[in-house]
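Student: got a sequence here, can you build the structure:
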Amino acid sequence: MPKKTTFLLTGGALVLLVVGMAIGLRLVKQPQQIPTPRASVGGGTATLSFSGPATVNSGATLPIAVNLAVPTTPNDNGIVGVKAVITTNSPYVTITDNDVAGSLPTPWLYQIQTASTGSTTTITINAAFVQASATGYTAATPGPVTFATLNFATSGSGPVQLDWNTSLSEVWTKDNHLDVLSNQLTSGSFTVASGGGSSPTPTLTPASPTPTPTGGTGGDGGPTPTPTAGPTNACGGTCGSNVNCNAGLTCAYGYCRNPSCTLSTNCTCSSPTPTPTAIAYATATPRTTPRTTPTTYPTPTGSSSNPFLGGQASYPTPVVSVPPLYTPQPTPAPKMGLFSRFIAFIVNLLQALFLRK
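Tutor: Residues are numbered from 1 along each chain as shown. Sure thing, here's the model as predicted:
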């Protein structure tokens, strides 16, 4: 085989090798899209269900509990997310975001959204376990627990059916992030009955009048005796009101007293006339001592280094230091990476082979 053909085949093989390595490195650096496995039809172990009163009166609140059951999870490490999507076409109930409440404890974080399109109302409840520790996720629960509560406002009367959107509802496990929610979920049926609302107003029946006795003490029709006032008390006697005291007295503190001095126990008011006391005021004396003339201090003479004493101040000459001018340093050329050096080596090798020819 001629040397020229050998060199061409060798150069072509090296070029293919370099191109293949470049494509492989680019593919390795790109993120890999791994599809998330989902529960197969009828293979999910987690379930969602409804519970609540079968019938409520129109105008009353219809409370519905959304229950979650997760019998088993991979490696018994529990679940990390729940998404429940509920729909209803009943015109007898309405609901808002504030009427939906999450029930799982912290660190579960809820996001609630209600929307109405035509006659269909959709309720979406998202809950995520926000603690990322290895053992902090909620454990699998063999029995149902309350996931959320729906408080519907009712009006009119008729059936209410709640359905699950199984294509959007999900229950995610911690291990492998599997969706283990079964697609075989049961709808909820309830009824809003007429005649509800406020309680009926009770009918008041007038009571029979109570007969008033016309006379007598024993019902024999005799004349009713006129009550006679009892004796009154003098000063110091006990009393319950002024009628228990003699004329001119008043009932104070439970005793008959003189109204002018209720604190006197013998009803005698004695208050001595106060004698005025003369108050002596000091007489002001004019000042006889002359004011002191302020002392005049002599003006300092001579030279002094202190300017505040009349001398000349001597200040040192400031020394200004000028920093050296900045001299830019040449930027070293960037070092070639291993891959770039390998490409340069191949190119130089090819050039050497062709130049020899």
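
Student: going by C-alpha atoms from here, please, whenever you check contacts or count neighbours.
Tutor: Noted.

Student: excluding chain neighbours, what is closest to Leu263?
Tutor: Arg257 (7.6 Å; C-alpha to C-alpha, 6 or more residues apart in numbering).

Student: residues contacting the one helix or strand the one you found maps to, please?
Tutor: Using DSSP states H and E, Arg257 maps to strand 255-257. The contact list for strand 255-257 (C-alpha atoms under 8 Å, 6 or more residues apart in numbering) reads 233-239, 242, 244-246, 249-251, 263-267.

Student: residue contacts, Gly102?
Tutor: Contacts of Gly102 (C-alpha under 8 Å, 6+ apart): 110, 147-149.

Student: tell me the buried residues in stretch 51-63?
Tutor: 52, 56-63 (16 or more other C-alpha atoms under 10 Å).

Student: and the helices in the protein, which stretches?
Tutor: Along the chain, counting by DSSP state H, helices occupy 3-29, 338-356.

Student: count the residues that sit near the closest residue to Asn165 other than its chain neighbours.
Tutor: Among residues not flanking Asn165 along the chain, Val85 sits closest, at 5.4 Å (C-alpha to C-alpha, 6+ apart). When neighbours are defined as other C-alpha atoms under 10 Å, Val85 has 19 of them.

Student: for Val85, give its distance to Trp164.
Tutor: Look at Val85 and Trp164: by C-alpha to C-alpha, to the nearest Å, they are 6 Å apart.

Student: can you check Trp108 too?
Tutor: From Trp108 over to Trp164 (counting by C-alpha to C-alpha), the distance is 22 Å.

Student: now Asp76
Tutor: From Asp76 to Trp164 the distance is 26 Å (C-alpha to C-alpha).

Student: neighbour count: these two, which is higher?
Tutor: Using other C-alpha under 10 Å, the more surrounded residue of Asp76 and Trp164 is Trp164, with 22 against 15.

Student: got the contact list for the more buried one?
Tutor: Neighbours of Trp164 in contact, by C-alpha under 8 Å, 6+ apart: 84-87, 185-187.

Student: how does it look with 7 Å?
Tutor: 85-87, 185, 187 (C-alpha atoms under 7 Å, 6 or more residues apart in numbering).

Student: mind checking pLDDT for it?
Tutor: Here the pLDDT value assigned to Trp164 is 96.

Student: show me the shaky parts of the chain.
Tutor: Residue ranges of the chain with pLDDT under 70: 1-9, 25-43, 132-142, 196-230, 271-337, 353-357.

Student: kindly report the domain assignment for it.
Tutor: What automatic domain parsing lists as the domains of the chain is 47-193, 231-267.

Student: just the terminal-to-terminal distance for the first one.
Tutor: According to C-alpha to C-alpha, domain 47-193 extends 30 Å from its N-terminal end residue to its C-terminal end residue.

Student: quick check: longest strand of the chain.
Tutor: strand 141-154 (DSSP state E).

Student: and that strand, what other elements does it pack with?
Tutor: strand 61-70, strand 93-94, strand 100-102 (3 or more C-alpha pairs under 7 Å, 6 or more residues apart in numbering; DSSP states H and E).

Student: so which of those strands comes closest to Ala344?
Tutor: strand 61-70 (60.7 Å; C-alpha to C-alpha).

Student: what sits up against that closest one?
Tutor: 45-52, 56, 140-154.

Student: buried among those residues? Need that as a selection in PyMOL.
Tutor: Filtering the contacts of strand 61-70 down to the buried ones (16+ other C-alpha under 10 Å) takes a single PyMOL command:
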select buried, resi 45+46+47+48+49+50+52+56+140+141+144+145+146+147+148+149+150+151+152+153+154
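
Student: one step back: closest one of the contacts of Gly102 to Ser340?
Tutor: Among these, and counting by C-alpha to C-alpha, the member closest to Ser340 is Tyr110, at 51.6 Å.

Student: my guess is the closest one meets Ala127, correct?
Tutor: Yes: using C-alpha atoms under 7 Å, Tyr110 is in contact with Ala127, at 4.4 Å.

Student: name all residues that make contact with Ser260.
Tutor: Per C-alpha under 7 Å, 6+ apart, neighbours of Ser260: none.

Student: what's the answer for Ala115, then?
Tutor: 121-123.

Student: pairing partners for it in the sheet, please.
Tutor: Thr122 (DSSP bridges).

Student: I'd like the distance between it and Pro105.
Tutor: 26 Å.

Student: now swap in Gln161 and tell me
Tutor: Taken as C-alpha to C-alpha, the span from Gln161 to Pro105 is 28 Å.

Student: these two: which is more packed in?
Tutor: Per other C-alpha under 10 Å, whichever of Gln161 and Pro105 has more neighbours is Gln161, with 13 against 10.
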